[in-house]
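In: Here is the input, now give the coordinates:
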Amino acid sequence: MSRSVLITGAGSGIGEACARRLARQGWQVALVGRRRAALERVAQACDGLVLCGDAADSASWDGFVDQVRARFGGLDALIACAGGHGLGRCGDTSDQAWRQALHGNLDSAFHTARACLPLLQARRGSLVLLGSIASLAAGPEVCGYTTAKHALVGLTRSLARDYGPLGVRVNCVCPGWVRTPMADEEMQALMAHHHEDLDAAYRRVTADVPLRRPASADEVAAVCQFLISAEASIVTGAVLTADGGATVVDVPTLAYTRLASPT
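Out: Purely as a prediction, here's the structure:
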């Protein structure tokens with residue numbers, strides 16, 4: 001029996017990379033997202049099931065689950081990639097902006113997991129939530145995003161604790177900078193300020209990252225593939241960074257970087 005996976009945020013970036021990678025490995029793929037044209041483009045490449053709608057809207061999920069059951073018979077894995085922005089300091093964040101940040105980054109994961117858990121339990125499946133290094137540390141003026149991504153770690157641990165006895169594994173992947181359309185958009189302010197191109201902006205934001213580069217979406221997809229595979233059968237409740245080493249840097253020692261001589 002073919003394995004099946006549902007991926008949210010599947011129309012671009014890490015979600016698209018997961019869909020393409022897993023389809024090449026023989027997985028049946030259900031693609032969830034709000035932009036039908038983008039989903040259909042990805043679906044053509046991986047013979048995927050298109051489920052167009054907002055993953056953070058619980059009203060969408062009864063129909064989605066029914067379609068997955070009808071097409072695939074069940075579900076072996078879920079990768080929740082849907083997310084969004086949440087810009088601004090706390091004092092500058094409106095009620096609407098706060099709700100949008102939680103809706104896009106946290107509600108989407110919660111509603112996705114809740115809807116798919118019965119299918120995952122039936123096949124003792126696996127769930128991966130896409131966090132961020134913003135799940136572990138705070139960037140400047142991203143209050144809503146940082147708060148929602150931190151909450152994803154709590155959701156991961158709660159799900160792992162409650163559903164492990166039922167055979168479901170749940171883990172969280174926390175990428176650093178990844179070259180995606182959303183990250184490209186975030187580079188625009190640096191590009192304008194420093195009068196530099198996109199590649200230079202990425203070099204700037206990874207200058208203090210040990211690997212000195214951003215990830216590709218496919219590199220993060222490979223981490224997700226591992227976590228839903230049998231090779232990770234004992235791994236649950238884990239928060240796995242895929243950040244080029246960014247979160248191991250001791251920020252107060254950055255002033256000494258140029259004094260050190262790499263060997």
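In: contacts and neighbour counts: CA atoms only from here.
Out: Will do.
In: can you tell me which residues contact residue 149?
Out: Taking Cα atoms under 8 Å, 6 or more residues apart in numbering, we find residue 149 in contact with 105, 106, 131, 132, 134, 135.
In: quick one: it from residue 108, how far?
Out: Residue 149 sits 12 Å away from residue 108, going by Cα to Cα, to the nearest Å.
In: which neighbours do the two share?
Out: Contacts common to residue 149 and residue 108, judged by Cα under 8 Å, 6+ apart, are absent.
In: and the lowest-mean-pLDDT helix or strand in the chain, what does it pack onto?
Out: For the chain, using mean pLDDT, DSSP states H and E, the weakest element among its helices and strands is helix 181-194, scoring a mean of 93. If contacts are counted by 3 or more Cα pairs under 8 Å, 6 or more residues apart in numbering; DSSP states H and E, helix 181-194 sits against helix 198-205.
In: Only the buried residues of the helix it packs on, if you could.
Out: 201, 202, 204 (16 or more other Cα atoms under 10 Å).
In: swap in stretch 64-75?
Out: 64, 65, 67, 68, 72, 74, 75.
In: Give me the residues contacting it.
Out: Contacts of stretch 64-75 (Cα under 8 Å, 6+ apart): 3-6, 28, 30, 49, 51, 115-116, 119-120, 122-123, 125.
In: Tell me the buried residues within those residues.
Out: If you count burial by 16+ other Cα under 10 Å, the buried members of the contacts of stretch 64-75 come out as 3-6, 28, 30, 49, 51, 115-116, 119-120, 123, 125.
In: Quick check: which ranges of the stretch 151-263 of the chain have low pLDDT?
Out: Scanning the stretch 151-263 of the chain for pLDDT under 70 picks out the ranges 258, 260-263.
In: Now the residue nearest to the spatial centre of the chain. Its backbone dihedrals?
Out: Centroid-nearest residue in the chain, with Cα atoms, centre = their mean: residue 130, separated by 2.6 Å. Main-chain torsions, residue 130, degrees, to the nearest 10: phi -90, psi 110.
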